[in-house]
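Trainee: pasting the structure only:
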Ligand SMILES: NC(=O)c1ccc[n+]([C@@H]2O[C@H](COP(=O)([O-])OP(=O)(O)OC[C@H]3O[C@@H](n4cnc5c(N)ncnc54)[C@H](O)[C@@H]3O)[C@@H](O)[C@H]2O)c1
Ligand SMILES: O=C(O)C(=O)C[C@]1(C(=O)O)C=C[C@@H](O)C=C1
């Protein structure tokens with residue numbers, strides 16, 4: 001099993017696409033990188049940064065001859081992009097993506113793909129609030145999880161090959177089914193972003209209404225929220241349009257728990273508040289400790305031999321054939 005690919009096609013070259021280009025190049029995982037994007041201006045930016053070897057606005061041309069294709073555009077563009085690349089895909093190629101939602105991706109991409117390719121949706125749980133080709137950096141995936149959601153028809157060796165690619169870029173890899181992914185990410189990523197967008201919007205409205213300098217004197221806790229709320233508007237619009245059910249379910253749970261806190265504040269229930277905050281402080285500390293352990297992995301050395309496949313299977317995939 002080889003972790004090396006002849007030609008990697010990146011369809012979309014923003015924060016995630018450019019980080020893959022830089023990491024794959026640095027680790028010697030690919031011979032040729034073709035870069036496709038919709039706008040000429042973005043393509044020229046990618047070219048100036050030297051992110052690839054071939055630059056095109058034609059998605060079919062980008063994937064021709066590629067043995068690894070990764071969709072790195074906002075998920076709202078996937079349907080059209082899948083249709084465009086399908087006739088040009090090389091038999092045996094791995095087709096993957098990095099989208100923040102997974103059931104929708106399976107639903108809109110899989111029906112267009114020929115049966116000769118291996119479709120393995122993916123999601124690196126790593127990012128920043130920045131976007132565009134110049135936002136990428138090769139260490140983005142180091143010590144971070146990458147979730148793969150292969151359908152049951154995908155040979156294990158192909159999933160292991162893609163998992164080895166992500167591990168060579170520094171990621172830990174876990175497989176799960178698409179619906180489980182969407183539920184977990186709804187509460188750990190999508191609802192937190194919604195909360196950040198909301199609180200920053202509320203503060204801005206209050207500032208305008210009271211004509212006071214609320215934002216100028218904001219403390220660092222609020223500034224942490226503004227970082228998240230600065231995330232790409234198109235990407236996040238698409239996340240909420242395509243993971244609606246899971247987000248609404250988790251938002252309901254979140255609002256119930258918030259009203260428990262509201263009651264504790266109203267009643268002056270210090271014991272409940274302190275117990276809650278003690279629990280969440282412990283969670284933060286355990287995340288930081290776990291992060292330090294995984295980041296200590298030996299990422300950064302040029303990739304020499306493919307690591308043994310040790311991809312963890314969390315659940316059988318149940319969503320691959322719903323397309
Ligand atoms: N930003 C994050 O934190 C993060 C993390 C993990 C996964 N993701 C996922 O990665 C994907 C890309 O996100 P990003 O942060 O790199 O976004 P980005 O805005 O930085 O880049 C998106 C790129 O997609 C391309 N693009 C946009 N519309 C297109 C279209 N219609 N056709 C072809 N190309 C198009 C452009 O090259 C653009 O630069 C999204 O699906 C997102 O859900 C993002
Ligand atoms: O660090 C950040 O800025 C992010 O928001 C990254 C983050 C997240 O952790 O929620 C955002 C969206 C992704 O799909 C994966 C990662």
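Mentor: Perfect, thanks for sending it. For clarity, every value in this text was computed on a predicted model and none was experimentally measured. Ligands and ions are numbered 1, 2, ... in the order given.

Trainee: got a list of what residue 109 touches?
Mentor: Contacts for residue 109 (C-beta atoms under 8 Å, 6 or more residues apart in numbering) come out as 71, 78-79, 82, 95, 97, 119, 121, 323. Placement of C-beta: from N, CA and C, glycine included.

Trainee: lowest pLDDT pick from those?
Mentor: Lowest pLDDT among the contacts of residue 109: residue 323, with 21.

Trainee: stretch 172-190 and ligand 2 in contact?
Mentor: Yes - Stretch 172-190 lies within reach of ligand 2 by C-beta under 6 Å from any ligand atom, at residue 189.

Trainee: give me the buried positions along that stretch.
Mentor: 172-187, 189-190 (16 or more other C-beta atoms under 10 Å).

Trainee: which bits of this protein sit near ligand 2?
Mentor: 100, 125-129, 189, 231.

Trainee: swap the cut-off to 8 Å and go again
Mentor: 99-100, 123-129, 185, 188-190, 192-193, 227-228, 231, 235, 239 (C-beta under 8 Å from any ligand atom).

Trainee: just the ones of these in helices?
Mentor: 185, 192-193, 227-228, 235, 239 (DSSP state H).

Trainee: dump those into a markdown table; add distance to residue 21 and pLDDT as well.
Mentor: Output for those, formatted as a markdown table (distance: C-beta to C-beta, whole Å; pLDDT from 0 to 100):
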| residue | distance to residue 21 | pLDDT |
| --- | --- | --- |
| 185 | 24 | 98 |
| 192 | 28 | 97 |
| 193 | 25 | 98 |
| 227 | 24 | 93 |
| 228 | 25 | 95 |
| 235 | 18 | 97 |
| 239 | 23 | 98 |
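
Trainee: closest one to ligand 1 out of those residues, please.
Mentor: For these, the residue nearest ligand 1 by C-beta to the nearest ligand atom is residue 235; the value is 4.7 Å.

Trainee: these two touch, right, the closest one and residue 131?
Mentor: Yes - taking C-beta atoms under 8 Å as the definition, residue 235 is a contact partner of residue 131 at 7.1 Å.

Trainee: hmm, back to that, for PyMOL, what selects the buried ones among the contacts of residue 109?
Mentor: Buried subset of the contacts of residue 109, written as a PyMOL selection, criterion 16+ other C-beta under 10 Å:
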select buried, resi 71+78+79+82+95+97+119+121+323
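
Trainee: tell me which of the contacts of residue 109 fall in strands.
Mentor: 71, 95, 97, 119 (DSSP state E).

Trainee: can I get those residues in CSV including distance to ligand 1?
Mentor: Output for those, formatted as CSV (distance: C-beta to the nearest ligand atom, whole Å):
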residue, distance to ligand 1
71, 8
95, 15
97, 7
119, 16
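
Trainee: can you pick the most crowded of the ones in helices among the residues of the chain next to ligand 2?
Mentor: residue 239 (26 neighbours; other C-beta atoms under 10 Å).

Trainee: low pLDDT regions in the stretch 151-300 of the chain?
Mentor: Where the stretch 151-300 of the chain drops to pLDDT under 70, the residues are 291-300.

Trainee: look at the closest residue to residue 40 other than its chain neighbours and report its pLDDT.
Mentor: Distances taken as C-beta to C-beta, 6 or more residues apart in numbering put residue 57 closest to residue 40, at 6.6 Å, once the chain neighbours are dropped. Per-residue pLDDT puts residue 57 at 98.

Trainee: could you list every residue that touches residue 57?
Mentor: Contact partners of residue 57, counting by C-beta under 8 Å, 6+ apart, are 36-40, 43.

Trainee: and the stretch 201-323 of the chain, which residues reach ligand 1?
Mentor: Going by C-beta under 8 Å from any ligand atom, the residues of the stretch 201-323 of the chain near ligand 1 are 231-232, 234-235, 238-239.

Trainee: now for those: which two are most distant?
Mentor: Greatest spatial distance in these: 231 and 238, 12.0 Å, computed using C-beta to C-beta.

Trainee: can you list the residues that contact stretch 236-248?
Mentor: For stretch 236-248, contacts defined as C-beta under 8 Å, 6+ apart pick out 74-76, 100-101, 103-104, 182-183, 185-186, 190-191, 193-194, 197.

Trainee: between those, which is closest to ligand 2?
Mentor: residue 100 (3.3 Å).

Trainee: quick check, pLDDT for that closest one.
Mentor: In this prediction residue 100 is given a pLDDT of 98.

Trainee: might one say that it is in contact with residue 73?
Mentor: No - in this structure, residue 100 is not within contact of residue 73 by C-beta under 8 Å, at 11.9 Å.

Trainee: out of residue 231 and residue 238, which sits in the busier spot?
Mentor: Set residue 231 next to residue 238 and count neighbours by other C-beta under 10 Å: residue 238 wins out with 21 against 18.
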